[in-house]
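Visitor: The following block contains a protein sequence and its predicted model.
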Amino acid sequence: MIKIGIDIVNIKRIEKLIEKFDIKKLKFLNEDEIYTNEPQSIAGIFASKEAFSKALGTGIGKEFSFKDISVLKDKKGKPFIEINSSKIKIKNCDVSISHDGGFAIAAVIVEI
C-alpha cells in the first residue's frame with residue numbers, strides 16, 4: 001500500500017526557535033541532522049517529519065515521535081529518510097523538500 005503525506009512550514013517560525021534556543025536543543029532534531037544551521041533547511045527537516053507522520057497516518061505522538069526518523073542528505077544533496085525505530089514498519093520511503101517565499105514544504109511517500 002502506498003501512502004503520501006505533505007507539510008508546509010513558515011521558515012520565520014523556525015528562525016525564531018533558532019534565535020530562542022541553540023540548534024542543538026531543538027527537540028525535533030536528532031544529532032545526525034545538525035549538519036546545517038540554515039533556517040530553511042531546518043524547516044525542511046521539520047516539514048519532512050510532519051509529512052512522514054501524516055503518510056503513516058499517526059501524526060506526532062505515541063506511535064511516532066520526531067526522534068524515530070532522521071532526514072539526511074546523500075552525496076548529491078538529495079534528502080532521504082533514515083528510520084531510527086524498530087516500531088516503524090515500512091518497505092520503502094521517499095521524500096522531496098522545497099523552499100520558496102518564506103516557506104519550506106515536504107512531500108513523503110511510504111510503501112507499507
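Guide: Looks like it came in fine. Numbers count the residues shown, from 1 in each chain.
Visitor: which residues in the chain form strands?
Guide: 2-10, 69-73, 79-83, 92-100, 103-111 (DSSP state E).
Visitor: how far away is Gln40 from Ala104?
Guide: Remark: distance between Gln40 and Ala104 (Cβ to Cβ, to the nearest Å) = 6 Å. Where you see a C-beta, it was placed from the backbone N, CA and C, and this is true even at glycine.
Visitor: shared neighbours of those two, which are they?
Guide: Ile11, Ile14 (Cβ atoms under 8 Å, 6 or more residues apart in numbering).
Visitor: between the two, who's got more neighbours?
Guide: Shown here are Gln40 and Ala104; by other Cβ atoms under 10 Å, Ala104 has more neighbours (25 against 18).
Visitor: packing partners for the biggest helix by length in the chain?
Guide: Identified as the longest helix of the chain according to DSSP state H is helix 39-56. Counting by 3 or more Cβ pairs under 8 Å, 6 or more residues apart in numbering; DSSP states H and E, the packing neighbours recorded for helix 39-56 are strand 2-10, helix 11-20, strand 69-73, strand 79-83, strand 92-100, strand 103-111.
Visitor: will you turn the ones you listed into a markdown table that also has distance to Phe52?
Guide: Formatted as a markdown table, the helices and strands packed on helix 39-56 follow (distance: least, Cβ to Cβ, whole Å):
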| stretch | distance to Phe52 |
| --- | --- |
| strand 2-10 | 6 |
| helix 11-20 | 17 |
| strand 69-73 | 6 |
| strand 79-83 | 6 |
| strand 92-100 | 7 |
| strand 103-111 | 5 |
